[in-house]
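**Student:** next input, structure requested:
(chains A and B)
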Number of protein chains: 2
Amino acid sequence: MAKGASISGFPEWLPSERVVEQRVIDTVRGVFELNGFIGIETRAVEQGASLLKKGETSKEIYLLSRLQDVGHEESVPVEDRLGLHFDLTVPLSRYVVEHSGELAFPFKRWQMQKVWRGERPQEGRFREFVQADIDVVGNGELPEHYEVELPLVMVGALERLRGLGLPKATVHVNNRKLSEGFYRGLGLTDIEGVLREIDKLDKIGADEVSKLLVDQCGADEDQARACLELADLRTSDGGELLSRFDDLCRIHSIGQDSPAYRLARQGLDTLAMIVDEAARIRPGCVIADLKIARGLDYYTGSVYETFLEGAPSLGSVCSGGRYDNLASQGNRRYPGVGLSIGLSRLVSYMLHTAGARPSRVSPAAVLVTVWNESDRHSSNVIADDLRARGIAADVAPSAVKIGKQIRYADRLGIPYVWFPAQVEQDSQGDPQAGDEVKNIVTGEQERADSTSWEPDIVYAQQSINLKA
Amino acid sequence: MAKGASISGFPEWLPSERVVEQRVIDTVRGVFELNGFIGIETRAVEQGASLLKKGETSKEIYLLSRLQDVGHEESVPVEDRLGLHFDLTVPLSRYVVEHSGELAFPFKRWQMQKVWRGERPQEGRFREFVQADIDVVGNGELPEHYEVELPLVMVGALERLRGLGLPKATVHVNNRKLSEGFYRGLGLTDIEGVLREIDKLDKIGADEVSKLLVDQCGADEDQARACLELADLRTSDGGELLSRFDDLCRIHSIGQDSPAYRLARQGLDTLAMIVDEAARIRPGCVIADLKIARGLDYYTGSVYETFLEGAPSLGSVCSGGRYDNLASQGNRRYPGVGLSIGLSRLVSYMLHTAGARPSRVSPAAVLVTVWNESDRHSSNVIADDLRARGIAADVAPSAVKIGKQIRYADRLGIPYVWFPAQVEQDSQGDPQAGDEVKNIVTGEQERADSTSWEPDIVYAQQSINLKA
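**Tutor:** Just a heads-up that it's a prediction; the model follows:
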């Protein structure tokens, strides 16, 4: 086979790195299930028509062709072709509509799968990565309390990853209705345009955004300044949020009886509820941050972005929001709220910045040595005894010198090496009458019985360690 | 959003079905890890050139195009395009070569991922499905004992799935060298052709295969009969295998000093070792079956197929073999042996034939009710107390009548419903001073403290039940 070549944007982990990714996946899944979320998996492909309809990534789709159809692809419209999903939200909304009769609503689901984005290859951008999503989808209606519960579940999941090298995470929340009401109150009409420019604040700064608001969105200098003042509002106290927002409205002459204010107020009340309830349950993890805009056009209420302390370059690692119109069937709507973690980027951070590494590459706690190939059966029996009691065990690949067998264990990080009993002489010249097991980390060696011996708790499982 | 539509060949499970699939995946992974296999995951795509080179499915590939490149696809040769992997063996061989400097050999790996086959849609054929693979790959050489250990690990995994409705599995083993040596000894030269026709025995029967051997592979009637006699040989005893094979050679005048016999003998000795050692460890699970041919041309020694008792229509559910030439780099070869389970087909059997269903759809053991929306915080605190001790808990979606909240739990199969203490009167007209929890399956209700209560072991976890 030809020498392999890595493909830009399609990351692949070495075995020791994969242990970290697997641990991240298992940990996050554990938190989701503990909170009563139901796991689903959707097919990797959707109809082109579905993929083209939604979201910021609609230009970054991989379409499929069967090998047999190569050369005739143009005859099929893109809408009728199959494409790989670029997120797990579009598939969820399709799944919910397709199976609505068989789901209990509100439907709380978790989903962790690879997604693909057909971007140009470029530094640091993944074209294949794992997303971990939770969403709650209602049938017709969806209670507001999920808008605080879901970010808290995500915070709980991210908190569990701190042992693997993740810094503290804070969810920043805004509300589309609040922004829209305020902008309309100012007299602006290109709401999506304003949101799009505000979204650039962290990247290009206030001055540039102000210019864009004037140049692109029909704002005058005062309106642009007002938009930036709103974006500057950040607090984790609901009361403070309300009074500072009302101050801004007063300054910019947005009357409390205007339809624009009433729209903003809806969003404001939800946002105040979110930060106050979150502060009661997990203080310091959720803040109102009115510059959060989110590019995706399907959000209709709360929007979330999550930042890691000391890692601003990562950007938002967990984003989402409430969408009231993503899924519908006839007159029936399925409003939802959800958040999504870009897991691959987190794993990359843990590996490369935090230096997370497993205590061992192999899941085996024990390597059973083989004195002679003709004795391999006895070694297999010992390994099976251990496995029957849940102790992962490997058997030496070949009956080479014991030192070489121990080096194999050492290379895989397997902490225990098991020496089966033998009537022949061992390396010290003594016959070894019973089985012995040696911890090659501590050097301790002891008599052991494969049907009752237990590894020290420290060495029983793979653990993840951080760079000093 | 448009009404969803299922896509032929891309199966998707309902939440209750997904619980079964997830349990299958977790169980199989557990067995792989217990045996010291290291988990890896490879990217979903490979270069077209790699995909086109190997295997029976080389005609069933999905190629990718970026949306932006639609219409210009023909300008890129298929070899230079990206395609979805159709198995996990081709990616493994590429991964091993790419990362050979960073792996410890022999490299024992497990891998469970979706694979895609760009077939025409047809009844009962999956175009997307999950494969679960184990392989051991050596650097330069690979000891023969893995050829018995790997099928035994797979048997162990399949054995663990019997509780989920899988019938008893038996691995049928043959050896390419044995077949090739025998055919050459008969004077046949189109070895691949003969194997291809023999592979059809179960489908079309001996008479048709005999005709094909004559018509397609240059065999005369005697040679064709000899091939069928060999294919008829089936035993789980190594000694019997040797003597019956030698009988056949005598009858068909294949001399024991011929190169053809010596080649056959290599395969025969390996095969005898496999069935004898397997019988010592797990009697009745592995048999030599000389009609096993396997379509894939990269196998060079042992070949495996696995059949389920009473489910012949499923065909082989776990197949593989030894391949000495799949991966190489310069003069360095990486021989391997591995087997692959087509998990989706097994899950489909468990669901639809064995009637496997989870005891509950939700992972939650407890639903905490909410007396009033204003009391939701107390219910959240109780749920968090339970979760902190590893008890999965959900909170009622809304403070509707208690009967309706209980029905929500019932629909999700959540066995326990938790009633927070309240100073107001409960449905019997009595104030409820402390928390209570009710098992809605047994009807038992008791006082409970969220910081110490434990569910009955029977109801603690989701379990999988079979149709009566």
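**Student:** spell out which parts of the stretch 301-450 of chain A neighbour chain B.
**Tutor:** With C-beta under 8 Å from any C-beta of the partner chain as the criterion, the stretch 301-450 of chain A comes near chain B at residues A:326-329, A:361-364, A:367, A:373, A:376-377, A:380-381, A:384, A:387, A:390-395, A:397-398, A:408, A:411-412, A:414. Where you see a C-beta, it was placed from the backbone N, CA and C, and this is true even at glycine.
**Student:** among those residues, which ones are in strands?
**Tutor:** A:326, A:327, A:328, A:329, A:367, A:393, A:394, A:395 (DSSP state E).
**Student:** and of these, the nearest to chain B?
**Tutor:** residue A:394 (3.2 Å; C-beta to the nearest C-beta).
**Student:** and the pLDDT for the residue nearest to residue A:134 when sequence neighbours are not counted?
**Tutor:** Leaving out its chain neighbours, the residue that sits closest to residue A:134 by C-beta to C-beta, 6 or more residues apart in numbering or on different chains is residue A:110, at 5.0 Å. pLDDT recorded at residue A:110 is 98.
**Student:** ok but residue A:110 is inside a strand, no?
**Tutor:** Yes. Judged by DSSP: H, G, I helix; E, B strand; the rest coil, residue A:110 forms part of a strand.
**Student:** pretty sure it is touching residue A:37, no?
**Tutor:** Yes. Look at residue A:110 against residue A:37 with C-beta atoms under 8 Å: they come within range, at 4.1 Å.
**Student:** mutual contacts of the two, please.
**Tutor:** The contact sets of residue A:110 and residue A:37 overlap at residue A:134 (C-beta atoms under 8 Å, 6 or more residues apart in numbering or on different chains).
**Student:** can you tell me the centre-most residue of chain A?
**Tutor:** residue A:341 (2.7 Å; C-alpha atoms, centre = their mean).
**Student:** so that one is in which element?
**Tutor:** For residue A:341, the host element (DSSP states H and E) is strand A:332-342.
**Student:** now do the contacts for residue A:34.
**Tutor:** Listed by C-beta under 8 Å, 6+ apart, the contact set of residue A:34 reads B:363, B:387, B:390, B:391, B:392, B:393.
**Student:** could you do residue A:28 as well?
**Tutor:** Contacts of residue A:28 by C-beta under 8 Å, 6+ apart are A:112, A:132, A:157, A:160, A:161, A:341, A:343.
**Student:** just flag the most distant two among those.
**Tutor:** Between any two of the contacts of residue A:28, the greatest separation by C-beta to C-beta is 14.6 Å, found for A:112 and A:160.
**Student:** rewinding a little: which residues are in contact with the residue nearest to residue A:134?
**Tutor:** Going by C-beta under 8 Å, 6+ apart, the list of residues near residue A:110 reads A:29, A:32, A:33, A:37, A:38, A:39, A:40, A:132, A:133, A:134.
**Student:** how many other residues sit next to the third one?
**Tutor:** When neighbours are counted by other C-beta atoms under 10 Å in any protein chain shown, residue A:33 registers 19.
**Student:** give me the mean pLDDT for stretch A:82-101.
**Tutor:** Per-residue scores along stretch A:82-101 average to 95.
**Student:** buried ones in that stretch?
**Tutor:** Going by neighbour count (16 or more other C-beta atoms under 10 Å in any protein chain shown), the buried part of stretch A:82-101 is A:82-100.
**Student:** next one, pLDDT for residue A:78 please.
**Tutor:** Predicted confidence (pLDDT) for residue A:78: 87.
**Student:** cool, thanks, signing off.
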